[in-house]
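1. need coordinates for the following:
(chains A, B, C and D)
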2 protein chains.
Amino acid sequence: MFIQIEPTSEIPIYTQLANQLIELIASGAIKASEALPSVRSLAADLGVNMHTVNKAYHELEKKNIIEIIPKSGAIINSISANGPTDMQMDLIKLHLKPLIAESIVYGMDKEQILSITSSIISEITEG
Amino acid sequence: MFIQIEPTSEIPIYTQLANQLIELIASGAIKASEALPSVRSLAADLGVNMHTVNKAYHELEKKNIIEIIPKSGAIINSISANGPTDMQMDLIKLHLKPLIAESIVYGMDKEQILSITSSIISEITEG
DNA sequence: CATTCTGTTCTAATATCATTATAACAGTAA
DNA sequence: TTACTGTTATAATGATATTAGAACAGAATG
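-> The predicted model follows:
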């Protein structure tokens, strides 16, 4: 499990962790029905508190990305074949919009924005 | 100035404000060399504290989107003709990556992601 | 020149969030 | 039965976010 936490980042540790787990799933490095490490073991590996990891896992569960089985562990849900739900789509757009607006203000045009988006997708899916 | 603040949002007020100002600039609703309202008047309009607006303005100044002239006011910088600086580009990518990874996990493919990105750009630039 | 407006700075209080630390509990797996 | 699991509870600490009030000094305006 290749995860790197930066304790001094302005991004909360549990968010960094959730984001990196999402990237690992998106890349295929972790696959559906596989189990995530226990909150205690991952916390020990990363040098953070158990509750911090637990919080990250519950964030992923809220997004329907993993399923937490009480007193047992967490397993990864399969990637939706139907695409995102309306709610998922709305949240993605909500967070995407300010970033795109910022890109425009920085002087990027439509082609440039689509180009870096495309390159990030390749970066994730092709490693 | 069409700005809507949701006090109960999990997104801090100063971030909501900064984001909406960025969108107004990206859309052309506010143009370069125009002055932003004073922190006191905008705070009164929005029903928030002066310091909250001041914080939003300084966020925009850190991003080189506006220039704050001490004891005078804030004016909007012109959109960069050279495109983003390396630092600006890196930050955009850093924040874009987890969103794109999340989209992939939700079952979106490359074309769908590029499609909604394109639609958001149109939404911003064409109103 | 005097008034008003401006951002700046300071202190202060409150609320929320993030993180860590222990500890105990109850279900699961070996 | 033993070890491991997520759950829950309490507590403390530090950082943020927000509001409030006040004073200061430069800028704009009449």
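2. against A:Leu114, how distant is the residue of chain A most remote from its centre?
-> Taking CA atoms, centre = their mean, the residue of chain A most remote from its mean C-alpha position is A:Gly107, at 28.0 Å. As judged by CB to CB, to the nearest Å, A:Gly107 and A:Leu114 stand 15 Å apart. To be clear about C-beta, it is placed using only N, CA and C from the backbone, and glycine gets the same treatment.
3. and A:Leu96, by the same measure?
-> In this structure, A:Leu96 lies at 13 Å from A:Leu114, with CB to CB as the measure.
4. between those two, which has more neighbouring residues?
-> Here A:Leu96 and A:Leu114 are compared on neighbour count by other CB atoms under 10 Å in any protein chain shown; more neighbours surround A:Leu96, at 20 against 17.
5. three-state assignment of that one?
-> Classification of A:Leu96 by DSSP: H, G, I helix; E, B strand; the rest coil places it in helix.
6. per-residue confidence for it?
-> Each residue has a pLDDT score; the one for A:Leu96 is 98.
7. also the one 5 residues further on?
-> A:Ala101 is assigned 98 on the pLDDT scale.
8. contacts only, for it.
-> Taking CB atoms under 8 Å, 6 or more residues apart in numbering or on different chains as the definition of contact, the neighbours of A:Ala101 are B:19, B:22-23, B:25-27, B:124.
9. would you confirm that A:Lys110 contacts B:Ile121?
-> Yes. If you go by CB atoms under 8 Å, A:Lys110 and B:Ile121 touch, sitting 5.3 Å apart.
10. and those two? which has more neighbours close in?
-> B:Ile121 (21 against 15).
11. how about the spatially closest residue to A:Leu114 that is not a sequence neighbour, secondary structure?
-> Nearest non-adjacent residue to A:Leu114, counting by CB to CB, 6 or more residues apart in numbering or on different chains: B:Leu114, 5.7 Å away. The three-state assignment at B:Leu114 reads helix, by three-state DSSP.
12. list the contacts for B:Leu114?
-> Contacts of B:Leu114 by CB under 8 Å, 6+ apart are A:114, A:117-118.
13. what's the answer for A:Pro98, then?
-> B:19, B:22-23.
14. one more: A:Lys110?
-> Taking CB under 8 Å, 6+ apart as the test, what A:Lys110 contacts is B:118, B:121.
15. okay, it: pLDDT?
-> With respect to pLDDT, A:Lys110 scores 97.
16. kindly report the same for the one 10 residues further on.
-> The predicted structure scores A:Ile120 at 98 on the pLDDT scale.
17. what count of nearby residues applies to the residue in chain A positioned nearest to DNA strand D?
-> Using CB to the nearest atom of the strand, the closest approach of chain A to DNA strand D is made by A:Ser38 at 3.2 Å. Here the count is done by other CB under 10 Å, and A:Ser38 has 15 residues near it.
18. my read: it touches A:Lys71, true?
-> No. A:Ser38 sits out of contact with A:Lys71 when judged by CB under 8 Å, with a separation of 11.0 Å.
19. fine, thanks again, bye for now.
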